[in-house]
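In: this one's sequence-less:
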């Protein structure tokens, strides 16, 4: 049940407060009272009688003490159709409302999942067990992907990301005042580890992975010995001691690596020296075998044998560090023919670098283990070596060198930090670019197809699986995506506020207030834990440009997760939005736009659920990438009383047409699991609709684009392959103002945007594709026609038989117009729409106080000139300017 439909409840004061030891009769006595209180409250609002009956059914299901009833998921349209076509059910509900005995209604088939036998206790128990098994099947806790991950790791690498990264490293300023290290900060599953692994085939690399070795479901596995030495803060007594321990570690690293190179790469003549890339690849292959584990074990064993006391003289340690590094360079030069350039010769990297984020005990400056590692790296500063820190978290801050032995070390200066790398593989599937004509609607819904887009994690795992049934394995990867999105292995549990906001962000796209520190932290936390993509992090790190781009697989995961949340009556997506608007986290300038996208999203999900009511996929949930009919979407979006008017409406730009909207879009479908931002007006055409439909995306237009804010692609023939000549759209304009716009301003005409191709490009074929327009005046509560909150047709005199336009105008943001606005959500939406007021948080909201604030002219408004219009013609003339600069009156 979508709690965002008109059936959404507000939990009563006694809901869910029944003692488990009480009898069923006692439980029903309390439940009847709670339901009756809620039903009477709803009835007092003057709600339509059929809506009241549907609300009553929902209250019975929601608050019933029978667990089997609580777990049944029934949708509003199903309730409404049931009440419309079944007089017995209608009579039973009316009797229950009169008597207050709602327990008499529990035998209704809809509340028993279609089973009339309500007394079979044993069968009911069996259903609960099956439901539990299904829960466990998709939690993601027992997914074993290590075999597929291993195969994906050795599969062909697509793209040149590693080559671009090496060029960028070599082009950085790497003099003495610049940091000899940089971050790779990016979300999970974007190929950070694989990219630096491929980078290691281009440049001699010493890799370290600090992942917890117990996390065997993740890949690649961590270097246990290195992690235990570097990541345990209790081993470090002070910053000075930490730097010295790290210097000791690197000294042994360079020493042992030099010996390993001498043992495995011998060159008898200078002419036989290896090319740098040959050496790099051979060394990488050597470390890929048992050599790496043995090498690092020997290094850590040497460090432990020579463990430093906290009061030791550290100066010799740092001198030895420099000597060992120079010795390694010398050894490499004997076997490798390095070019005579300033390019980096040795690369180090730390994967899962956030494990170094632990604070050093008792340090007043709150330095971390990563601070001391970076400070130590800066001691042997040279253009020959560079270090990368890979993580989903960006936590580089102040890297000071506190010990007296590091007087030549790099000193902290934000200007001298290297800008983090964010450029990671995306949309790199080997089948790209795709040909839309090769796909039909049925193919677009397959998880294997959805996984091709976006980050490489999902498609690489699915395609590397060895099982015969790839679709079954794809469902496991879908559970993995959901677990990563909410940052919890228990995807059925109640999630954090940040996880809920992340899901909303994936589905409807949210912009955060760029000037707020809280927003910056929120975005970084989402990158670290909730799959948000970092597009760019400037060198100064004052902010991050990030977002959820078009990733159909992740959008499907978010859709299924939201579907699961709908089963929790206390979860409200509108309230989550309001909470973040109120805190200032979300940009106040987009309140109306966000609400409209949320309404569209709820309508789409409800339409999908209704169309797939007779079919469930392996997880028992709908496939939201399948799409739904245009007619069903409109019926799910608007209140029932307007369905007939909308579906029977005729084109408003062709008065002679008799074709109704329902007939024009009889075979048409929409498919949008998420929203993406259009770069500019150039994508407002049917050619771009093909690409958007292929990805299951609707478009958000830029603010400067006139009249259109949202575009939902439409495929006019669901049985055809995807092609431009069958594309149309629902073009939407959103106004959050409380004053009605001019009727002429509201008109959306595709010709103003060249949405459909001209006749020349169509090779003179007749093109009469229809389209739908919607103008949503969400802030207006007084429509032009009294009590008509949804009207059809609006014409400015321009007629056209070429492309029939079916216009719809909707007013207000209540259940009077929108079916998806829940009864208890009305006030929340109104509060969100009110956040565009200049003074919503002024401590004195009385009229006199607000008037005085407005008198101080915080913005320009009508009559701000402070003069009477009647005297306008008699106002003194403007002062005459003199040659000396100042005018006189």
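Out: Sure thing, it's come through. Keep in mind that what you see is a predicted model, and the values were worked out from it rather than measured.

In: can we go C-alpha only for contacts and neighbour counts from here?
Out: Will do.

In: look at residue 87 and say how many residues are nearby.
Out: Number of residues near residue 87 (other Cα atoms under 10 Å) recorded here: 11.

In: what's the answer for residue 86, then?
Out: 10.

In: which ones are touching it?
Out: The contact partners of residue 86, taken as Cα atoms under 8 Å, 6 or more residues apart in numbering, number zero.

In: next: residue 597.
Out: residue 508.

In: quick one, phi psi at it?
Out: phi -70, psi -40 (degrees, to the nearest 10).

In: also residue 818?
Out: As for residue 818, its main-chain torsions (degrees, to the nearest 10) stand at phi -110, psi 120.

In: can you check residue 776 too?
Out: phi -110, psi 110.

In: surely residue 53 touches residue 96?
Out: No: counting by Cα atoms under 8 Å, residue 53 stays clear of residue 96, with 10.0 Å between them.

In: ok, the two, which is more surrounded?
Out: Using other Cα under 10 Å as the criterion, residue 53 and residue 96 rank with residue 53 on top: 24 against 18.

In: the more buried one should be in a strand, yeah?
Out: No: counting by DSSP: H, G, I helix; E, B strand; the rest coil, residue 53 is located in no strand; its state is helix.

In: spatially nearest residue to it (excluding sequence neighbours)?
Out: residue 93 (6.4 Å; Cα to Cα, 6 or more residues apart in numbering).

In: what's the burial count for residue 577?
Out: 24.

In: which SS state does it fall under?
Out: helix.

In: how close does it get to residue 811?
Out: Using Cα to Cα, to the nearest Å, one gets 21 Å for the distance from residue 577 to residue 811.

In: ditto for residue 725
Out: Per Cα to Cα, residue 725 is found 33 Å from residue 811.

In: compare the two (neighbour count), which wins?
Out: Shown here are residue 725 and residue 811; by other Cα under 10 Å, residue 811 has more neighbours (25 against 16).

In: what bridges to that one?
Out: Residue 811 forms beta bridges with residue 777, as assigned by DSSP bridges.

In: ok, now which ones touch it?
Out: With Cα under 8 Å, 6+ apart, residue 811 has these contacts: 776-783, 789-790, 817.

In: kindly reformat those residues as a markdown table containing secondary structure and distance to residue 84.
Out: Converted to a markdown table, the contacts of residue 811 look like this (DSSP: H, G, I helix; E, B strand; the rest coil; distance: Cα to Cα, whole Å):
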| residue | secondary structure | distance to residue 84 |
| --- | --- | --- |
| 776 | strand | 29 |
| 777 | strand | 31 |
| 778 | coil | 30 |
| 779 | coil | 32 |
| 780 | coil | 32 |
| 781 | coil | 30 |
| 782 | coil | 30 |
| 783 | coil | 29 |
| 789 | coil | 24 |
| 790 | strand | 23 |
| 817 | coil | 21 |
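
In: got a ChimeraX select line for the buried ones in these?
Out: The ChimeraX command for the buried members of the contacts of residue 811 (criterion: 16 or more other Cα atoms under 10 Å) is given here:
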select :776,777,778,779,780,781,783,789,790,817
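
In: rebuild the contacts of residue 811 as TSV, extending it with distance to residue 842 and pLDDT.
Out: As requested, these are arranged in TSV below (distance: Cα to Cα, whole Å; pLDDT from 0 to 100):
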residue	distance to residue 842	pLDDT
776	29	93
777	26	92
778	24	90
779	21	85
780	24	85
781	24	81
782	27	80
783	30	83
789	32	91
790	34	92
817	31	93
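
In: show me the strands in the stretch 351-500 of the chain, by range?
Out: 385-391 (DSSP state E, counting those that start in this stretch).

In: let me know the secondary structure of the residue nearest to residue 53.
Out: Under three-state DSSP, residue 93 falls in the helix class.

In: how much space between it and residue 84?
Out: Using Cα to Cα, we find residue 93 at a distance of 12 Å from residue 84.

In: go on, residue 792?
Out: 26 Å.

In: quick one, what contacts the closest residue to residue 645 other than its chain neighbours?
Out: In space, and not counting its chain neighbours, residue 645 is closest to residue 792: 7.3 Å by Cα to Cα, 6+ apart. Under the criterion of Cα under 8 Å, 6+ apart, the neighbours of residue 792 are 645-646, 649, 806-809.

In: circling back: and residue 93 and residue 84? Which one has more around it.
Out: The neighbour count for residue 93 versus residue 84, taken as other Cα under 10 Å, is higher for residue 93 (23 against 12).

In: for residue 226, what are its contacts?
Out: Contacts for residue 226 (Cα under 8 Å, 6+ apart) come out as 208, 210, 296-297, 300.

In: give me the pLDDT for it.
Out: Per-residue pLDDT puts residue 226 at 96.

In: what's the longest helix in this structure?
Out: Counting by DSSP state H, the longest helix found in the chain is helix 239-264.

In: now do the buried residues in that helix.
Out: For helix 239-264, burial by neighbour count (16+ other Cα under 10 Å) applies to 239-258, 261-262.

In: now swap in stretch 278-295 and tell me
Out: 278-284, 287, 292.

In: what does that stretch contact?
Out: Here stretch 278-295 makes contact (Cα under 8 Å, 6+ apart) with 200-205, 223, 256-257, 336.

In: all helices of the stretch 451-600 of the chain, in order?
Out: Assigned by DSSP state H, counting those that start in this stretch, the stretch 451-600 of the chain shows helices spanning 457-464, 470-486, 497-508, 517-529, 552-565, 573-582, 591-611.

In: look up the closest residue to residue 363, ignoring the ones flanking it.
Out: Closest to residue 363 by Cα to Cα, 6+ apart is residue 238, at 6.8 Å.

In: oh sorry, the question was meant for residue 201
Out: Closest residue to residue 201 apart from its sequence neighbours, by Cα to Cα, 6+ apart: residue 281 at 4.2 Å.

In: which residue ranges form the helices in the stretch 651-800 of the chain?
Out: Listed in chain order, the helices of the stretch 651-800 of the chain (DSSP H, counting those that start in this stretch) span residues 661-664, 686-695.

In: tell me the most buried of the ones you listed?
Out: Across these, averaging neighbours per residue (mean count of other Cα atoms under 10 Å) puts helix 686-695 on top, at a mean of 22.

In: so what does it touch, helix or strand wise?
Out: strand 710-715, strand 727-735 (3 or more Cα pairs under 8 Å, 6 or more residues apart in numbering; DSSP states H and E).
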